[in-house]
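J.: Got a predicted structure here, sequence first:
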Amino acid sequence: MNRIMRKYIKKQILKTIKTLFEANRLLSKLIKKNSRDKINTLLQDMQATVIEVGEIIEKSLGEGTEAVCFLEALCELIWEVSQSPVDGKRQWYKEINNKLGFIEENVKSIPEKIEVVFLPYKASMWDSLESIWQAADEDKSCDAFVIPIPYYDKNPDGSLKEVHYEAEEYPAYVQITHYNDYDFKQHHPDMIFIHNPYDECNFVTSVHPFFYSSNLIQFTDLLVYIPYYILHEILPEDKVAVKNIQHFCTVPGVFNADKVIVQSESMRRVYINVLTDATSGLGKNRAYWEKRIYGLGSPKMDKAVNTKRNKLQVPEEWMRIIQKPDGKLKNIILYNTGVDALIKQSDRMLEKIKNVLQIFKESQNEVVLLWRPHPLVKATIKSMRPALWTEYKLIEEKYRNEGWGIFDESSDMNRALAISNAYYGDNSSLVRLFLNTGRLVMIQNVEIMNDTLTERLDIVGN
């Protein structure tokens, strides 16, 4: 039988064996001092500990293991020691030590299995973890759990309101574990991956406080944070650009995580520079952050590359819009509107969106608009600009009711990316993904309306 033990359990057992070595050394000292009562108490404690270790191993590996046989022999030896006169106990120290040595080496030789937990909160952001989960799920020496966690929208005063739980929106091939069915204290996963770093500091949404990074660190040996977004690449020496994104580096998840994986080596240097400056008075120098920040790339890139257009299931209602009467397909423009512009330039941005929709409506025979707002647009403007929500909602409802374009608020961003011929909209993670595929990217300017966009649509359509 191929027996594999959880790495965490094995670590705890080896730690307990170390305490038994220490107890045996103390036993030798107590025997020399002829401390009868303390000797008997210590022997009872040692025997109870040996029995407990045996039960843990049997629970983990089943019955009949060599390690448990050694432990049973040690238990009998300790009982024999307890029955012998004090003067005769001195001879047992070496034999107990030898048996502990056999047990320690045997436990060390047991193959290990690690347990890894992934804690996404929005299904639309699952792509920032998926490729790592796939690797873990395929590894026979790893048990991987995907545990979507609940999150709340926030009221303008910061209090929590309605709760969201999106487990049903994940791909069918992802096996989901409900957060109430997993005991973090009991399991103590070897690694936990998160993509929400804000803890209580987000003004718009909040994951359940149990899943704040500040709390999760007590339940794992390795907390790993991977951003759910991709930033525009900048040079670490560009002080103005670094200042504009430094708030992404100084969030609770970064400070609390044991490892942070960012999109590139250049971005790694940015994070290290920002964090070194931010923690200079806290005893965390550059060397500290260099050991914690890794520029290994983003799983979002992996997902974008691996999502193929010809393998997608495009909804029938989309195809009715995309397909021309002669059967040919129209060019598809992915229109992405973000959160920042709506908050900072609310009135102007609403006019911009209406203008863009009108232009695409007039071009609908040749070009399809696929409007995909950022997943947090609604929650953000409801929380931070309640009056804006009413106006924005009217624009969105009018567009959806007219039915000449596609409105995509699904959790699968990569479907929209894969079927689109070009990108138009605000600067976002999607821009980097589009650039990586070599397709055309157009960043909208809220100050520019009709003519320039019309010209660009003509270029895309040819």
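T.: Looks like it came in fine.
J.: Let me see the contact set for the closest residue to Ile51 other than its chain neighbours.
T.: Nearest in space to Ile51, with sequence neighbours left out and distances taken as Cβ to Cβ, 6 or more residues apart in numbering, is Cys75 at 6.3 Å. Placement of C-beta: from N, CA and C, glycine included. Contact analysis of Cys75 by Cβ atoms under 8 Å, 6 or more residues apart in numbering lists 47, 50-51, 54.
J.: Moving C-terminal from the helix or strand encompassing Glu351, which element do we reach first?
T.: If you go by DSSP states H and E, Glu351 is part of helix 346-362. Using DSSP H and E, the helix or strand that follows helix 346-362 towards the C-terminus is strand 367-371.
J.: any idea of the mean pLDDT in that next one?
T.: Strand 367-371 shows a mean pLDDT of 95.
J.: Next one: the most centrally placed residue in the chain from Gln83, what distance?
T.: In the chain, the centroid-proximal residue (Cα atoms, centre = their mean) is Ile194; its distance is 2.5 Å. Distance check for Ile194 against Gln83: by Cβ to Cβ, to the nearest Å, it reads 54 Å.
J.: my read: Arg372 touches Ile332, true?
T.: No. Checked against Cβ atoms under 8 Å, the pair Arg372 and Ile332 is beyond contact range at 11.2 Å.
J.: Can you give me the pLDDT of Ser84?
T.: Reported pLDDT for Ser84: 81.
J.: If you could redo that for Leu376, that was the one I meant.
T.: Looking at Leu376, the pLDDT reads 85.
J.: Now do Pro150: how many residues are near it, please.
T.: Applying other Cβ atoms under 10 Å, we find 16 residues neighbouring Pro150.
J.: C-alpha coordinates for stretch 61-76, CSV please?
T.: Provided in CSV are the C-alpha atoms of stretch 61-76 (Å, rounded to 0.1, in the frame of the first residue of the first chain):
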residue,chain,number,x,y,z
LEU,A,61,-2.1,6.3,7.1
GLY,A,62,-4.3,3.5,8.4
GLU,A,63,-3.3,0.5,10.5
GLY,A,64,-0.3,-1.7,10.3
THR,A,65,2.4,0.9,9.6
GLU,A,66,6.0,0.3,10.7
ALA,A,67,6.0,3.6,12.6
VAL,A,68,3.1,2.5,14.8
CYS,A,69,4.9,-0.8,15.5
PHE,A,70,7.9,1.1,16.7
LEU,A,71,5.7,3.3,18.8
GLU,A,72,4.0,0.3,20.4
ALA,A,73,7.4,-1.1,21.3
LEU,A,74,8.4,2.3,22.7
CYS,A,75,5.2,2.4,24.7
GLU,A,76,5.9,-1.0,26.2
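J.: Give me the distance from it to the chain's centre.
T.: Centroid separation for stretch 61-76 versus its chain: 39 Å, with Cα atoms, centre = their mean, to the nearest Å.
J.: cool, and stretch 93-100?
T.: 45 Å.
J.: Please spell out which residues along that stretch are buried.
T.: Residues of stretch 93-100 classed as buried: 93, 96, 99-100 (neighbour count, 16 or more other Cβ atoms under 10 Å).
J.: per-residue confidence for the residue nearest to Ile51?
T.: 94.
J.: roughly how far apart are it and Lys291?
T.: Distance, Cys75 to Lys291, by Cβ to Cβ: 43 Å.
J.: Pretty sure Val441 sits in a strand.
T.: Yes. Checked against DSSP: H, G, I helix; E, B strand; the rest coil, Val441 lies within a strand.
J.: What is the burial count for it?
T.: 18.
J.: Check Met267 too.
T.: So Met267, with other Cβ under 10 Å, has 24 neighbours.
J.: what's the answer for Ser264, then?
T.: If we define neighbours as other Cβ under 10 Å, then Ser264 has 17 of them.
J.: counting contacts, what elements does the helix holding Glu351 pack onto?
T.: Judged by 3 or more Cβ pairs under 8 Å, 6 or more residues apart in numbering; DSSP states H and E, helix 346-362 is in contact with strand 331-336, helix 340-344, strand 367-371, helix 386-402, helix 450-461.
J.: For the second one, give me every contacting residue.
T.: So that's helix 340-344. Under Cβ under 8 Å, 6+ apart, the answer for helix 340-344 is 349-350, 377, 380-381, 384-385, 388, 392, 426, 446.
J.: Next up, the contacts around the residue nearest to the centre of the chain.
T.: Neighbour list for Ile194: 119, 211, 213, 216, 223-226, 253, 257 [criterion: Cβ under 8 Å, 6+ apart].
J.: Would you mind measuring from it to Glu72?
T.: 43 Å.
J.: Next: Asn414.
T.: Taken as Cβ to Cβ, the span from Asn414 to Glu72 is 55 Å.
J.: The two: who's more crowded?
T.: Between Asn414 and Glu72, counting by other Cβ under 10 Å, Asn414 is the more crowded of the two (20 against 13).
J.: Not counting sequence-adjacent ones, nearest residue to that one?
T.: Leaving aside its sequence neighbours, Asn414 sits nearest to Thr307 (Cβ to Cβ, 6+ apart; 4.2 Å).
J.: go on, Met301?
T.: Asn436 (6.2 Å).
J.: give me every residue that touches the one you found.
T.: Applying Cβ under 8 Å, 6+ apart, the residues near Asn436 are 301, 304-305.
J.: three-state assignment of it?
T.: Put simply, Asn436 is helix when judged by three-state DSSP.
J.: Helix or strand: which one has Asp37?
T.: In the assignment (DSSP H and E), Asp37 maps to helix 36-61.
J.: Out of the contacts of Asn436, who's the most crowded?
T.: Neighbour counts for the contacts of Asn436, by other Cβ under 10 Å, peak at Ala304, which reaches 22 neighbours.
J.: surely that one meets Leu433?
T.: Yes. Ala304 lies in contact with Leu433 (Cβ under 8 Å); the separation is 4.4 Å.
J.: Roughly how far does Pro111 sit from Gly425?
T.: Per Cβ to Cβ, Pro111 is found 50 Å from Gly425.
J.: Who has more neighbours out of the two?
T.: Higher neighbour count among Pro111 and Gly425: Gly425, with 24 against 11, using other Cβ under 10 Å.
J.: Show me what that one bridges to in the sheet.
T.: Beta-bridge pairing of Gly425 under DSSP bridges involves Asn336, Ile443.
J.: and it, what does it touch?
T.: Gly425 is in contact with 334-338, 442-444, counting by Cβ under 8 Å, 6+ apart.
J.: now the lengthiest strand in the chain: how far from the chain's centre is it?
T.: In the chain, assigned by DSSP state E, the strand with the most residues is strand 112-119. Relative to its parent chain, strand 112-119 has a centroid offset of 12 Å by Cα atoms, centre = their mean.
J.: Check stretch 189-207 too.
T.: The answer for stretch 189-207 is 8 Å, by Cα atoms, centre = their mean.
J.: Same question for stretch 24-32.
T.: Here stretch 24-32 shows a centroid-to-chain-centroid distance of 49 Å under the convention Cα atoms, centre = their mean.
J.: Stretch 342-351 too?
T.: Chain-centre distance of stretch 342-351: 32 Å, with Cα atoms, centre = their mean.
J.: what comes up buried for that stretch?
T.: 342-343, 346, 349-350.
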